[in-house]
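>>> Next input, structure requested:
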Amino acid sequence: MSEVEQAGDTRDRAAGRAGKAPSTEESQRVFEALRNAVLDQRLPPGLQLKEQALADAFGVNRAVVRQALARLEIYRLVTHAPNRGVFVAHPSAAEGRDLFTARRYIEAAIVELAVERLTEADIARLRALARQERQAYEAQDVRRALRLSVDFHLQLADAVGNTVLASFLDEIVTRMPLVVLAHRRESPPTCMLDDHERILDAIAAGDASCARALMIEHVGHLEGRVSLDRGAQEGDSGIARLLGLEGGGP
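Numbers count the residues shown, from 1 in each chain. Now for the predicted structure:
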């Protein structure tokens, strides 16, 4: 342990003796910021997440950071290596294939239920989200487009009302960006920009078979963006810059 880390541990122990427990709000803020950074593909697989660097970046003590990292480990977004530290998870090719297989089954089930359960208002809201995603891609704002795409799938699942399927999908979708970063193709095929709109058209028409086929095709487009036999891409370890915290906390 470095002198800086030892000093950080000393400060944290002193805070504990003073009766200052880690703030739930602070821990939630750090957790959400790190989770969002994974979704935005800002944290490369294998990057070491040093407690003191994170504490300094967020302006919190290391106990808060430990709480947030423990929650991220439950979601399989980070891994803890004894005597080495905490690292952004690096999904294997086999894990990536398993995630895509599970996603196909789950999302196919979701759209089948969507045909039965979505209201006109639900479909209108999802169409607006799909339009925003298309506009973001056309403006070459890829980060915003990716987040809108994730939101589309999660909001579709929520609208269906099956909390178990929605929970499974949330975990899978959150882990997907790490698969993409670890195994990205040099020239990934472009996903059709109207995939989401076509799925909504089938749902609105009450065609469950078509909606299911289109969703499976869509997940296939996403899987085509990765080559699940490659190693990790090298990443920048400037944690404050990667998290967008150079000018202060979020």
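>>> Okay, domains of the chain per the record?
With domains defined by automatic domain parsing, the chain comprises 3-90, 93-223.
>>> Please name every helix or strand in contact with the helix or strand hosting residue 156.
Using DSSP states H and E, residue 156 maps to helix 142-160. Applying 3 or more CB pairs under 8 Å, 6 or more residues apart in numbering; DSSP states H and E, we find helix 142-160 packed against helix 24-39, helix 93-117, helix 120-138, helix 163-183. Just so you know, the C-beta spots here come from the backbone N, C-alpha and C atoms, and that holds for glycine as well.
>>> nearest residue to residue 176 other than its sequence neighbours?
residue 99 (6.5 Å; CB to CB, 6 or more residues apart in numbering).
>>> one step back: would you single out the least confident of the domains of the chain?
Lowest mean pLDDT within those: domain 3-90, a mean of 82.
>>> Please state the offset of that one from the chain centre?
Centroid displacement of domain 3-90 relative to its chain, using CA atoms, centre = their mean, to the nearest Å, is 17 Å.
>>> hang on, the earlier thing: using CSV, please lay out the domains of the chain together with mean neighbour count.
Listed next are the domains of the chain as CSV, based on neighbours: other CB atoms under 10 Å:
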stretch, mean neighbour count
domain 3-90, 17
domain 93-223, 17
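>>> Now residue 41: closest residue in space, sequence neighbours ignored.
Nearest to residue 41 is residue 177, by CB to CB, 6+ apart, at 4.8 Å.
>>> ok, now which ones touch the one you found?
Contacts for residue 177 (CB atoms under 8 Å, 6 or more residues apart in numbering) come out as 38-41, 146.
>>> Could you identify the most distant pair in those residues?
38 and 146 (11.4 Å; CB to CB).
>>> before we move on, the earlier item: now do the residue nearest to residue 41 against residue 25, distance only.
26 Å (CB to CB, to the nearest Å).
>>> same check, this time on residue 119
From residue 119 to residue 25 the distance is 35 Å (CB to CB).
>>> list the contacts for the spatially closest residue to residue 219 that is not a sequence neighbour?
Distance criterion CB to CB, 6+ apart; nearest residue to residue 219, sequence neighbours excluded, is residue 104 at 4.9 Å. Applying CB under 8 Å, 6+ apart, we find residue 104 in contact with 215-216, 219-220.
>>> Adding secondary structure and distance to residue 198, write the residues you listed out as JSON lines.
Shown next, in JSON lines, are these (DSSP: H, G, I helix; E, B strand; the rest coil; distance: CB to CB, whole Å):
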{"residue": "215", "secondary structure": "helix", "distance to residue 198": "10"}
{"residue": "216", "secondary structure": "helix", "distance to residue 198": "13"}
{"residue": "219", "secondary structure": "helix", "distance to residue 198": "14"}
{"residue": "220", "secondary structure": "helix", "distance to residue 198": "14"}
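>>> Quick check: of these, which lies closest to residue 155?
residue 215 (14.5 Å).
>>> Identify the residue spatially nearest to residue 193, adjacent ones excluded.
Here the residue nearest residue 193, using CB to CB, 6+ apart, is residue 134, at 5.3 Å.
>>> Identify the residues contacting that neighbour.
193-194, 197 are the contacts of residue 134 under CB under 8 Å, 6+ apart.
>>> Verify the stated contact: residue 214 with residue 195.
Yes: Residue 214 lies in contact with residue 195 (CB atoms under 8 Å); the separation is 7.2 Å.
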